[in-house]
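>>> Sequence unavailable; structure follows:
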């Protein structure tokens, strides 16, 4: 016993206990507990009954839920744009010219700011008689006010734009870290061999950025499906169900209507969708010994 | 050297001069294009904030003019003074600072405590722990907040800061980040500590942690950002609006005074400035750590 207390094994567990305990309560337990929860009609208001797979059956007939899944999948379309633009930005701010650090910092400021503040700013910029409409009209791009956030065919795309605007700096910084890790002599050697600028990008930059691209694609994919804050603050899912995303719908069912059982079932379904999507991304990036951390 | 060579050299010289000028011109053009792109991007990403700043400095009626005002006709700080008095900002600021500080301390301590043995110790169950941690990233828990809500209420931590902070007090991501950093610490550091008779805890605290400051800075800044900006979970957990952090108070203000544009603009500026300033001061370590963390 005394011997064990002095062993490396004991010390290791002593170090990890507080962290693992909290993880158990706030990470593992929710995953485990949401399964039995999903099989009940648990809510704060009434008695709880076991309902089997009823919640799942209801979910697949629930029009709003299906719409919310669809909207979340549409939201995923920002992932490739976000990655392409932030790679281009990273290449741009990787140039060694005076003042470049100021620009890098500037681009990161939307990332640092709260979504609440960002949402407020954009809701004013895009409202009626607003600055964006005014500027676009002055430039002759549009002829009358556009209701960016209350037009049901536009609102979702406007939200996607705002998400992208806020996220660009974050991914740019990760890619910049990736670019700066590429040894310069690789480029020099290729240049000596007479490689063109384009070939340098295709044969050196992109392959070496690959782990970063996978990592960023995965986290932006998760973020796109989980998108909540901007929707909650800007449109609350409206107009109608135009911007109802799955996390907002689950939140409405769970925290607003206290329908915990049903919300858990919805959560499990969306969780499965996320798992499938991440597997697809992993498959796409199988080659190249990926180590995202 | 024969005569012919000399001649060639002479005729080559002005040609060299010529291509030098072309190259220089090309460089100037390239630089100009880069700067133009950089400035356009800066306007795109910073423009909305500059406009918010401008609105927050406008006197009341100026804001709703048509065409919409972009620059204030004259600058005054009335909005700031009024909203500061009305909202009791110091209190919300203090709430936010407490929540953020708690969140950052928990995350830094727990991630570096948990990640350390996973990087340097040899013990039974290491692989099991590692597999469990990775599995949480593959199986996403999407309804966590429902169970978190039940757990926090069950622990009687509703309406407390601890209830706000605990669910985010440790993250698998941060543990991995720390583990990845600790792996690169030379084993000599731990060995020399042992030779001097230091306990494992002292080695961790006094010898190892100072070596991983960039990684600690990354965790601190990322967590500071997320706790400073959190609004939904605090609203769910805190019944007492007096305990709200800034971002939550701001949504509240927006609901109450949607008509008073200038106030909300000023309030928003006040809420974003501290975190931006924090970023400006720590960004050097942050970027260094970020590069190290992803590189792994």
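Okay, I see it. Being a predicted model, the structure only gives us computed values, none of them experimental.
>>> what about the helices in chain B?
All helices of chain B, identified by DSSP state H, fall at B:3-56, B:78-87, B:89-120, B:126-138, B:144-154, B:161-165, B:172-183, B:187-195, B:200-202, B:213-229, B:232-237, B:246-256, B:261-295.
>>> Of all the residues in the third one, which ones are buried?
Neighbour-count burial for helix B:89-120, counted by 16 or more other CB atoms under 10 Å in any protein chain shown, picks out B:89, B:92-93, B:95-96, B:98-100, B:102-104, B:106-118, B:120. C-beta coordinates here come from the backbone N, C-alpha and C atoms, glycine included.
>>> helices or strands up against that helix?
If you count contacts as 3 or more CB pairs under 8 Å, 6 or more residues apart in numbering or on different chains; DSSP states H and E, helix B:89-120 packs onto helix A:8-23, helix B:126-138, helix B:161-165, helix B:172-183, helix B:213-229, helix B:246-256, helix B:261-295.
>>> could you give the angle of it to helix B:213-229?
140 degrees (axes from the mean of the first three to the mean of the last three CA atoms, to 10 degrees).
>>> How about the first one?
Between the axis of helix B:3-56 and that of helix B:213-229 there is an angle of 30 degrees, by the same axes, to 10 degrees.
>>> go on, the fourth one?
With the same axes, to 10 degrees as the basis, helix B:126-138 and helix B:213-229 are set at 40 degrees to each other.
>>> by contact count, what packs against helix B:126-138?
Checking 3+ CB pairs under 8 Å, 6+ apart, helix B:126-138 ends up next to helix A:8-23, helix B:89-120, helix B:172-183.
>>> What of the shortest one?
Contact partners of helix B:200-202 among helices and strands, from 3+ CB pairs under 8 Å, 6+ apart: helix A:8-23.
>>> Check which element follows the helix it packs on along the chain.
Going down the chain from helix A:8-23, the next helix or strand is helix A:29-38, by DSSP states H and E.
>>> helices or strands next to that next one in the packing?
Judged by 3+ CB pairs under 8 Å, 6+ apart, helix A:29-38 is in contact with helix A:260-284, helix B:144-154.
>>> Just send those back as TSV, with distance to residue A:233 too.
Output for these, formatted as TSV (distance: least, CB to CB, whole Å):
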stretch	distance to residue A:233
helix A:260-284	20
helix B:144-154	17
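>>> Out of these, the one nearest residue A:27 is which?
Evaluated with CB to CB, the helices and strands packed on helix A:29-38 place helix B:144-154 nearest to residue A:27, the distance being 7.7 Å.
>>> and the closest one, does that touch chain A?
Yes: residues of helix B:144-154 contacting chain A under CB under 8 Å from any CB of the partner chain: B:144, B:145, B:146, B:147, B:148, B:149, B:150, B:151.
>>> per-residue confidence averaged over that helix?
Per-region confidence: helix B:144-154 scores 89 on mean pLDDT.
>>> who does that helix touch, helix- and strand-wise?
If you count contacts as 3+ CB pairs under 8 Å, 6+ apart, helix B:144-154 packs onto helix A:29-38, helix A:260-284, helix B:232-237.
>>> buried stuff in stretch A:266-282?
Neighbour counts over stretch A:266-282 (16+ other CB under 10 Å) mark A:266, A:267, A:268, A:269, A:270, A:271, A:273, A:274, A:277, A:278 as buried.
>>> Closest to chain B out of the residues you listed?
Taking CB to the nearest CB as the measure, chain B lies nearest residue A:267 of those, at 3.1 Å.
>>> who's in contact with the closest one?
Residue A:267 makes contacts with A:34, A:38, A:250, B:141, B:142, B:143, B:146, as judged by CB atoms under 8 Å, 6 or more residues apart in numbering or on different chains.
>>> In this structure the fifth one contacts residue A:271, no?
Spelled out, it's residue B:142. Yes: look at residue B:142 against residue A:271 with CB atoms under 8 Å: they come within range, at 4.4 Å.
>>> just to revisit the earlier point, output the helices and strands packed on helix B:144-154 in JSON lines; the columns should cover mean pLDDT.
Shown next, in JSON lines, are these (pLDDT from 0 to 100):
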{"stretch": "helix A:29-38", "mean pLDDT": "89"}
{"stretch": "helix A:260-284", "mean pLDDT": "87"}
{"stretch": "helix B:232-237", "mean pLDDT": "90"}
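>>> Compare those helices and give me the one nearest residue B:202.
That would be helix A:29-38 among the helices and strands packed on helix B:144-154, by CB to CB, at 33.2 Å.
>>> by how many degrees do the helix or strand following the closest one and helix A:260-284 diverge?
Helices and strands here follow DSSP H and E; after helix A:29-38, the next one along the chain is helix A:54-61. With the same axes, to 10 degrees defining the directions, helix A:54-61 sits at 60 degrees from helix A:260-284.
>>> what pLDDT, on average, does helix A:54-61 get?
pLDDT averaged over helix A:54-61 gives 92.
>>> Distance from the chain centre to it, please.
27 Å (CA atoms, centre = their mean, to the nearest Å).
>>> same question, stretch A:109-121
Distance of stretch A:109-121 from its chain centroid, counting by CA atoms, centre = their mean, is 15 Å.
>>> quick one: contacts of that stretch?
Where contact means CB under 8 Å, 6+ apart, the residues beyond stretch A:109-121 that reach it are A:162, A:165-170, A:173, A:229-230, A:233-234, B:45-46, B:48-49, B:51-52, B:225, B:228-229, B:231, B:246-247, B:250-251, B:254, B:264, B:268, B:271-272, B:275-276, B:279.
>>> ok so, going back, export the helices of chain B to CSV and tack on distance to residue A:177?
Formatted as CSV, the helices of chain B follow (distance: least, CB to CB, whole Å):
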stretch, distance to residue A:177
helix B:3-56, 19
helix B:78-87, 37
helix B:89-120, 20
helix B:126-138, 21
helix B:144-154, 29
helix B:161-165, 29
helix B:172-183, 13
helix B:187-195, 25
helix B:200-202, 32
helix B:213-229, 11
helix B:232-237, 30
helix B:246-256, 28
helix B:261-295, 4
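>>> what about those helices, which gets the closest to residue A:26?
Checking the helices of chain B against residue A:26 by CB to CB gives helix B:144-154 as the closest, at 6.3 Å.
>>> confidence score at residue B:140?
For residue B:140, the model assigns a pLDDT of 67.
>>> hang on, the earlier thing: I'd like the buried residues of stretch A:266-282 as a markdown table, with distance to residue A:158 appended.
As requested, the buried residues of stretch A:266-282 are exported to a markdown table (distance: CB to CB, whole Å):
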| residue | distance to residue A:158 |
| --- | --- |
| A:266 | 25 |
| A:267 | 27 |
| A:268 | 30 |
| A:269 | 27 |
| A:270 | 23 |
| A:271 | 27 |
| A:273 | 24 |
| A:274 | 24 |
| A:277 | 23 |
| A:278 | 27 |
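>>> and residue A:43, what does it touch?
Residue A:43 makes contacts with A:257, A:258, A:259, A:260, A:261, as judged by CB under 8 Å, 6+ apart.
>>> List buried residues within the residues you listed.
So, by 16+ other CB under 10 Å, the buried ones in the contacts of residue A:43 are A:259, A:260, A:261.
>>> Many thanks, I have nothing further to ask.
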